[in-house]
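Engineer: The following block contains a protein sequence and its predicted model.
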Amino acid sequence: MSRLATSLDTEGGVRFLWWLIGASIIVGFIVFVAVGANGPKDPALAPRQGVPGFGTIAFTIEHGAVTDDFCALLAADDTQRQTGMMGRRDFGGYDAMVFAFPTAIDPKQVYFYNRRVPIALSVAWFDGQGQFVSTNDLEPCADIGSCPTIRATKPFKFALEVAKGGLGRLGVGPGSALRVGHSGC
């Protein structure tokens, strides 16, 4: 071992070490590119899986001059709205869950909580014309007695739930608008 240390303690040894480091970096880069290039030509999201008890609905988010199309699970009746994402770890390949109410709702009458939902969620509310109202986040909660509740800041007709932090990916925020289709997707 001391012979190796002595040989590396020379100008030639230092040059050899730098060459070895450079060669390792180049080989590592080539392996990185080769492994990355080994993926599918056209990767796709996981296929959508039907979720028993829920319909689906096409929706768009308008933000600025941009309009993006999405597909969501639909919670349109009391049972669906009360169940929401309970017991689910994902949206089954859908972009979100839309809670649709028949008329505008006073936020003092309806609150949202994350009971028995194993993932954190973000919620955005929209009024009857689809205009953005407000957002809030929900952390997982096991028991209704200890679950914090959140409400919209103004009357709303639609609520949009996504995995926590996912509203920005959809373009949801102040000034955005939700347009809900009349059929599934």
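Structural biologist: Noted; the coordinates are in hand.

Engineer: Would you double-check that residue 24 falls in a helix?
Structural biologist: Yes - with DSSP: H, G, I helix; E, B strand; the rest coil as the criterion, residue 24 is located in a helix.

Engineer: quick one: it from residue 18, how far?
Structural biologist: Residue 24 sits 11 Å away from residue 18 when distances are taken as C-beta to C-beta, to the nearest Å. Quick note: C-beta positions are derived from backbone N, CA and C, even for glycine.

Engineer: tell me the contacts of the residue nearest the centre of the chain?
Structural biologist: The centre of the chain sits closest to residue 166, judged by C-alpha atoms, centre = their mean, with a distance of 3.6 Å. Contacts for residue 166 (C-beta atoms under 8 Å, 6 or more residues apart in numbering) come out as 96, 122.

Engineer: One more: the one 5 residues further on?
Structural biologist: Taking C-beta under 8 Å, 6+ apart, we find residue 171 in contact with 61, 62, 63, 66, 68.

Engineer: That one - nearest residue in space that isn't next to it in sequence?
Structural biologist: Once flanking residues are discounted, residue 171 sits nearest to residue 63: 3.9 Å by C-beta to C-beta, 6 or more residues apart in numbering.

Engineer: surely the one you found meets residue 175?
Structural biologist: Yes - look at residue 63 against residue 175 with C-beta atoms under 8 Å: they come within range, at 6.7 Å.

Engineer: If you count surrounding residues, which of those two has more?
Structural biologist: Using other C-beta atoms under 10 Å, the more surrounded residue of residue 63 and residue 175 is residue 63, with 16 against 11.

Engineer: circling back to that earlier point, quick one: pLDDT of the residue nearest to residue 171?
Structural biologist: pLDDT recorded at residue 63 is 95.

Engineer: and it, how far is that from residue 184?
Structural biologist: 24 Å.

Engineer: Over to residue 106?
Structural biologist: Distance of residue 106 to residue 184, given as C-beta to C-beta: 29 Å.

Engineer: and what of residue 141?
Structural biologist: Distance from residue 141 to residue 184, by C-beta to C-beta: 30 Å.

Engineer: For residue 96, which residues count as its bridge partners?
Structural biologist: Beta bridges link residue 96 to residue 72 when assigned by DSSP bridges.

Engineer: Report pLDDT for it.
Structural biologist: pLDDT recorded at residue 96 is 97.

Engineer: Let me see the contact set for it.
Structural biologist: Residues near residue 96 by C-beta under 8 Å, 6+ apart: 59, 70, 72, 73, 160, 161, 162, 166, 170.

Engineer: same thing but 6 Å
Structural biologist: 72, 160, 162 (C-beta atoms under 6 Å, 6 or more residues apart in numbering).
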